[in-house]
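S.K.: I'll drop the sequence and a predicted model, then ask my questions.
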Amino acid sequence: MRVPRIVVARLVLSSAASIPARLALAAATGSPVPLWSAVVRGAMLDEVRRLAHDSRTARARRGVYKRALASLRGSLGREPSRAELARAMEVSDSELLAIEASGVKLTPIEDAYDETSLAFASDDPDPFEALCAIEDRERLIAAMGKLPDRLKLVLQLFFVEELNLTEIAAVLEVSVPRVHQLRAKALKDLRGLLEGD
């Protein structure tokens, strides 16, 4: 009975493959353990090659590329140009581009996406927070519209125009303590109107 190499590889690679299971498999196939070990090694290499996205030749060429790049960096003391790298490797620019591109592995987004990864983070504002801010602003505008004109003016001068209490007192022609009282009353009334909604 011949067991397919992929079955052997998966058996060996799985966490359930214990030594007794391996020995039982060797006994079932009638293979001595040393021969079986070679089969397992070959099956594992087959599986690794199957999972690799490129050929041995492409990996070897990338190895030459990396060694040439490291050598030129060391001898030049700077990052080599593409022309220098191509000349050192004795390849054309298009071949150099193909070697560089062979190292790129495309992965489906479903396999790579993770909500907690910073790679997928966005600097855009959170839509929920933006909606809440708009609703809060609308409620604040409606509540401000219900305040008396004098209190609206005090809040506008303080928060929008960014005047201090002394400057507001000069505009309204009242004392600084009175401006402080008006501001406190405006904020209290505004808070009451917002909580009443």
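M.R.: That came in fine, so what should we check first?

S.K.: what about Gly82, how many neighbours?
M.R.: Check again: residue 82 is Arg, not Gly. When neighbours are defined as other CB atoms under 10 Å, Arg82 has 11 of them. The C-beta positions use only the backbone N, C-alpha and C, and glycine is treated the same way.

S.K.: Pro80: which element?
M.R.: Per DSSP states H and E, Pro80 falls between elements, in no helix or strand.

S.K.: any idea which helix or strand carries the nearest residue to it once chain neighbours are set aside?
M.R.: Residue nearest to Pro80 in three dimensions, not counting chain neighbours: Leu72, with 3.9 Å by CB to CB, 6 or more residues apart in numbering. Using DSSP H and E, Leu72 sits within helix 56-76.

S.K.: what mean pLDDT would you report for that helix?
M.R.: Mean pLDDT, computed over helix 56-76, is 85.

S.K.: and the following helix or strand past that helix with helix 56-76, angle?
M.R.: For helix 56-76, the following helix or strand on the C-terminal side (DSSP H and E) is helix 82-89. With axes from the mean of the first three to the mean of the last three CA atoms, to 10 degrees defining the directions, helix 82-89 sits at 110 degrees from helix 56-76.

S.K.: Can you give me the buried ones in helix 82-89?
M.R.: 85-86, 88-89 (16 or more other CB atoms under 10 Å).

S.K.: Please list the residues outside the helix or strand following it that contact it.
M.R.: Moving toward the C-terminus from helix 82-89, the next helix or strand (DSSP H and E) is helix 93-102. Around helix 93-102, the neighbours that count as contacts under CB atoms under 8 Å, 6 or more residues apart in numbering are 54, 58, 61-62, 65, 82-83, 85-86, 89, 91.

S.K.: what's the nearest residue to Val91 if we skip its chain neighbours?
M.R.: Ile99 is the one closest to Val91 (CB to CB, 6+ apart), at 7.3 Å.

S.K.: Revised request: answer the last question for Arg183.
M.R.: Leaving aside its chain neighbours, Arg183 sits nearest to Val154 (5.3 Å; criterion: CB to CB, 6+ apart).

S.K.: can you check Leu194 too?
M.R.: In this structure, Leu194 finds its nearest non-sequential neighbour in Ala143, 5.2 Å apart by CB to CB, 6+ apart.

S.K.: Quick check: pLDDT value at the one you found.
M.R.: pLDDT, read off for Ala143, is 89.

S.K.: buried stuff in the helix or strand containing it?
M.R.: Under the criterion of DSSP H and E, Ala143 resides in helix 127-145. Neighbour counts over helix 127-145 (16+ other CB under 10 Å) mark 143-144 as buried.

S.K.: contacting residues around that helix?
M.R.: The contact list for helix 127-145 (CB under 8 Å, 6+ apart) reads 152, 155, 190, 193-194, 197.
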